[in-house]
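Student: The sequence and its predicted three-dimensional model are supplied below.
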Amino acid sequence: MNFLPSGICVYLSVAACWFTSRVDSSWWYMGTLGSQVMCDNIPGLVNKQRQLCRQHPRVMQAVGTGVKDWISECQHQFRSHRWNCNTAERDHTVFGKLLLRGSREAAFVYAISSAGMVHTLTRACSQGELDTCACDQGKKGSSRDNKGSFDWGGCSDHVDHAIKFTQAFVDAKDRKERDARAIMNLHNNRAGRKAVKRFMTLECKCHGVSGSCNVRTCWLAMGDFRQTGDYLHKKYNSAVQVVMNRYGTGFTSRKFKKATKNDLVYFEDSPDYCIGDHDSGSVGTGGRVCNRTSHGADSCEVMCCGRGYDTSRVSRTTKCECKFHWCCAVHCRDCHEEVFWKQSGSSSCTQEPDTSLQWLPLAPPPLCLKGSTMKPSMCSSATSACPHPHTQGLQKQQLDRLRRKRMWIRPAG
């Protein structure tokens, strides 16, 4: 529901326009429903979307599966960023309040979700999973490329059909709104669809004596979705900040760069995502993994927002002393190695371990303040002191000074 007429956005600041549209892309919720998609039970769909959902139930099942794929790709692309494409549990908007802001992150999510739907439906059509589409029958006869002539054959991926359906379904809600945020969403949806088509490649098979390739049969094949994700991530980094023009029909760049149809556009600067904030949808970086030797976005300094990190001792298990035994097996011994794992203080950012190995947490050695009268068994972990009667009344700042002076000893025994 809009609280302001769309035209008012032309005269007010863009900040007011961000809240005139419900950024409620509820079709993303299909990913949590799997094959049991019930069109009437998905909140937030407009009539056009419900109509298409009822008419094409098998398509909607494919869409539900595809939602999981593009969310996974989004999380892969931002795995080393403060914002890591995290989803909100038990929220039919999937991303919660994060997308209420017209930010770069919102632009990326709308683009990759639209691209994900195109990719999913194109693949489903080519694999014969849907009764409403198949291979691209428009690719017939002969054609030429830089290697010479060829005949169309095989099964060309019907990406145009998937783009047409995705546009009709995904854009239905924002075409109804037509305010500033809706126009932003429509632009990024289109950029996502175009990104998939960008990676269509010509694949060929040779026919002839001894593989001479006198005759070629070729078809168009869709690229791996990782290519689309990488491309959209680059577009995220170079996204163009815009404002509405005075007619309310399009954008004007806030800087010198003009936004093209392939660019992602956004209105509002992003939060820093350092701390959890319910109003902005930020979950903070507490507990996030960081790389102590990196100088990029995944570095502990950037990921932990300058709050520092703790060190934990962990054990990794690897296969070693492997020997081949006739016939036919390889036997290895499990080797254990203790290493240190960096972890932030208040934010709990952590030094990234090798994910190909098995990491097992070990209890850090108990440490006590000098002069403690407590038994070793009563000492707590390395991150706090024993409950010594002389330290119970100290303020946190005083204890921090004691720790910095390294007034710690290991308990006897």
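Tutor: Everything's here; your move.

Student: In three-state terms, label the most centrally placed residue in the chain for me.
Tutor: Ranked by distance to the mean C-alpha position of the chain (C-alpha atoms, centre = their mean), the top residue is residue 74 at 2.2 Å. With DSSP: H, G, I helix; E, B strand; the rest coil as the basis, residue 74 sits in helix.

Student: Contacts only, for the closest residue to it other than its chain neighbours.
Tutor: Computed as C-beta to C-beta, 6 or more residues apart in numbering, the closest residue to residue 74 that is not its neighbour in sequence is residue 85, at 3.9 Å. Heads up, the C-betas are built off the backbone N, CA and C, glycines and all. Contacts for residue 85 (C-beta atoms under 8 Å, 6 or more residues apart in numbering) come out as 71, 74-75, 77-78, 105, 109.

Student: would TSV of these with secondary structure be doable?
Tutor: Shown next, in TSV, are the contacts of residue 85 (three-state DSSP):
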residue	secondary structure
71	helix
74	helix
75	helix
77	helix
78	coil
105	helix
109	helix
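
Student: and which of these is nearest to residue 89?
Tutor: Comparing the contacts of residue 85 against residue 89 with C-beta to C-beta places residue 71 closest, at 13.1 Å.

Student: Next, count neighbours for the closest one.
Tutor: 21 (other C-beta atoms under 10 Å).

Student: can you tell me how far the residue nearest to residue 74 sits from residue 257?
Tutor: Relative to residue 257, residue 85 is positioned 25 Å away (C-beta to C-beta, to the nearest Å).

Student: And for residue 278?
Tutor: From residue 278 to residue 257 the distance is 34 Å (C-beta to C-beta).

Student: same question, residue 319
Tutor: 51 Å.

Student: And for residue 101?
Tutor: 21 Å.

Student: Have a look at the two and say which one is more surrounded.
Tutor: Taking other C-beta under 10 Å, residue 101 and residue 257 do not tie; residue 101 has more neighbours (24 against 13).

Student: Quick one, grab the pLDDT at that one.
Tutor: The model reports residue 101 with a pLDDT of 90.

Student: need the contact list for it.
Tutor: Contacts of residue 101 (C-beta under 8 Å, 6+ apart): 18, 268, 270-271, 280-281.

Student: Please identify the pairing partners of whichever strand or helix holds residue 320 and their relative orientation?
Tutor: Under the criterion of DSSP states H and E, residue 320 resides in strand 310-325. Paired neighbours of strand 310-325 in the sheet (DSSP bridges): strand 329-343 (antiparallel), strand 358-361 (antiparallel).

Student: Which of these comes out lowest on mean pLDDT?
Tutor: Across the strands paired with strand 310-325, strand 358-361 has the smallest mean pLDDT, namely a mean of 40.

Student: Any quick ChimeraX command for the buried ones out of the contacts of residue 85?
Tutor: In ChimeraX syntax, the buried subset of those is picked out as below (16 or more other C-beta atoms under 10 Å):
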select :71,74,77,78,105,109
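
Student: number of nearby residues for residue 131?
Tutor: Quick note: residue 131 (other C-beta under 10 Å) scores 9 neighbours.

Student: And what about the residue nearest to residue 74, helix, strand or coil?
Tutor: Taken by three-state DSSP, the conformation at residue 85 corresponds to coil.

Student: circling back to that earlier point, wait, which of the contacts of residue 85 is closest to residue 178?
Tutor: Among those, and counting by C-beta to C-beta, the member closest to residue 178 is residue 109, at 20.5 Å.

Student: separation between the closest one and residue 264?
Tutor: Distance of residue 109 to residue 264, computed by C-beta to C-beta: 10 Å.

Student: What of residue 189?
Tutor: Between residue 189 and residue 264 the computed distance is 11 Å (C-beta to C-beta).

Student: Now whichever strand or helix holds residue 228 - C-alpha only, CSV.
Tutor: Secondary structure from DSSP H and E places residue 228 in helix 225-237. Listed next in CSV are the C-alpha coordinates belonging to helix 225-237 (Å, rounded to 0.1, in the frame of the first residue of the first chain):
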residue,chain,number,x,y,z
PHE,A,225,25.2,-19.6,-13.6
ARG,A,226,28.5,-18.8,-11.9
GLN,A,227,29.4,-16.7,-14.9
THR,A,228,26.2,-14.7,-14.4
GLY,A,229,26.9,-14.3,-10.7
ASP,A,230,30.5,-13.1,-11.3
TYR,A,231,29.2,-10.6,-13.9
LEU,A,232,26.5,-9.2,-11.7
HIS,A,233,29.0,-8.9,-8.8
LYS,A,234,31.1,-6.7,-11.0
LYS,A,235,28.0,-4.7,-11.9
TYR,A,236,27.3,-4.4,-8.1
ASN,A,237,30.8,-2.9,-7.6
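
Student: Flag every buried residue along whichever helix or strand comes after it.
Tutor: Proceeding N to C from helix 225-237, the next assigned helix or strand is strand 240-244, under DSSP H and E. Within strand 240-244, the residues that count as buried by 16+ other C-beta under 10 Å are 240-242, 244.

Student: Go ahead and measure how far strand 240-244 is from the middle of the chain.
Tutor: Distance of strand 240-244 from its chain centroid, counting by C-alpha atoms, centre = their mean, to the nearest Å, is 23 Å.

Student: helices or strands up against it?
Tutor: Under the contact criterion of 3 or more C-beta pairs under 8 Å, 6 or more residues apart in numbering; DSSP states H and E, strand 240-244 touches helix 14-17, helix 180-198, strand 251-253, strand 265-266.

Student: so what strands line up beside that strand?
Tutor: strand 251-253 (antiparallel), strand 265-266 (parallel).

Student: Partner strands of the helix or strand just after the last one, with direction?
Tutor: For strand 265-266, the following helix or strand on the C-terminal side (DSSP H and E) is strand 276-277. As defined by DSSP bridges, the strand partners of strand 276-277 come to strand 282-283 (antiparallel).

Student: What mean pLDDT does the partner strand get?
Tutor: On average, the pLDDT along strand 282-283 is 87.

Student: again, but for stretch 147-164
Tutor: For stretch 147-164, mean pLDDT is 93.
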